[in-house]
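**Student:** need coordinates for the below:
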Amino acid sequence: MLAPLILMLANPAAAGELRQPLLQLLNAYESGATQAELRALGDGVPAELMEIAADSAIPHSRRGRAVSALASYPTPVVRRFLEGQLSAKDLFLRRKASVALIHGFQDAALPTVQPALDDPDVQLRLATVRALHSLGSDKALALLDARRQVETDPTVKSALTEALR
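**Tutor:** Okay, the predicted model is just below:
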């Protein structure tokens, strides 16, 4: 599997020592860790975030926050990890990965997340629409406009209409 290789390449020396401080930051119920809080922990944060996200023994909410926090680290290794999450079975983590790719990689992520707009999971489509709306670039808005033409779910269609106002 590609995920362990990506994790090893991401700075394995710092992994482990950051686990507890990161889990504390990811424990927040209402909000995730800020970019400043993450950066203050040093260079090994992306590797440890990927380890946390991949660890099924960690509570799902923390794993989701770890995926979301990876948006603060727009590197090729993180991008490959998030792309892997985007195609995983876990729908919650797929949603988090779509949003993290858009927030972290902006227009460069559009070809990768575009298939999420066609996904059968309504919540994935909705999360992707909202993230693309927050991006607000011409390319993101063009994707939203194209999706609006074919969207059938009323909730997603409403979000698309709102995003394109």
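
**Student:** alpha carbons only for contacts and neighbour counts from here, please
**Tutor:** Noted.

**Student:** run a quick neighbour tally on P154.
**Tutor:** Residues contacting P154 under the criterion other C-alpha atoms under 10 Å number 10.

**Student:** and it, how far is that from T161?
**Tutor:** 10 Å (C-alpha to C-alpha, to the nearest Å).

**Student:** what of L49?
**Tutor:** In this structure, L49 and T161 are 35 Å apart, going by C-alpha to C-alpha.

**Student:** next one: S134
**Tutor:** Taking C-alpha to C-alpha as the measure, S134 falls 14 Å from T161.

**Student:** swap in S31?
**Tutor:** S31 sits 27 Å away from T161, going by C-alpha to C-alpha.

**Student:** neighbour count winner among these two?
**Tutor:** Set S31 next to T161 and count neighbours by other C-alpha under 10 Å: T161 wins out with 13 against 10.

**Student:** and the host helix or strand of that one, average pLDDT?
**Tutor:** If you go by DSSP states H and E, T161 is part of helix 154-163. Average pLDDT, helix 154-163: 96.

**Student:** burial of P115, as a residue count?
**Tutor:** Neighbourhood size, P115 [other C-alpha under 10 Å]: 12.

**Student:** check T155 too.
**Tutor:** T155: 14 surrounding residues under other C-alpha under 10 Å.

**Student:** and it, what does it touch?
**Tutor:** Applying C-alpha atoms under 8 Å, 6 or more residues apart in numbering to T155 gives the contacts L126.

**Student:** all good on my end, thank you.
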